[in-house]
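*Asks:* The amino acid sequence is not available; the structure is as follows:
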């Protein structure tokens, strides 16, 4: 079992930055692929980024590539999402997720989910 708690969301102006954190509890965090997804009001949940347990493989959604960076600290059981050059369309509830498989953009590959942290970008 893995419990995930996101933090770091908030209100920021367009062009600004935020760093999201996701703290995991459980003994085997270091073996899980970790991902970030987001869901805006009235829209389906969207893949943002994912990182393999060894940090070598990282995937990004097309809309955030070049602006967001995912990283993890296995010693701290934490995964991060550094978000730069934020845009109003980045406004969403951001979820952290953990999965046993390889790096994936697909929600069903992730078994554990956090409650989400809200990010709001004003224009």
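*Replies:* Happy to help now that I have it. These numbers were taken from a predicted model, which means no experiment stands behind them.
*Asks:* Tell me the secondary structure at the nearest residue to residue 113 once chain neighbours are set aside.
*Replies:* Distance criterion CB to CB, 6 or more residues apart in numbering; nearest residue to residue 113, sequence neighbours excluded, is residue 97 at 5.0 Å. Any C-beta I mention is one placed from the backbone N, CA and C, and that applies to glycine too. Secondary structure state of residue 97, per DSSP: H, G, I helix; E, B strand; the rest coil, is strand.
*Asks:* next one: phi and psi at residue 69?
*Replies:* phi -130, psi 130 (degrees, to the nearest 10).
*Asks:* start the count at 55, not 1, going forward
*Replies:* That works, and once the first residue is 55, the last one we named lands at residue 123.
*Asks:* Against residue 97, how distant is the residue nearest to residue 167?
*Replies:* 17 Å (CB to CB, to the nearest Å).
*Asks:* Looking only at neighbour counts, state which of those two leads.
*Replies:* Neighbours were counted for residue 151 and for residue 97 using other CB atoms under 10 Å; residue 151 has more, 25 against 9.
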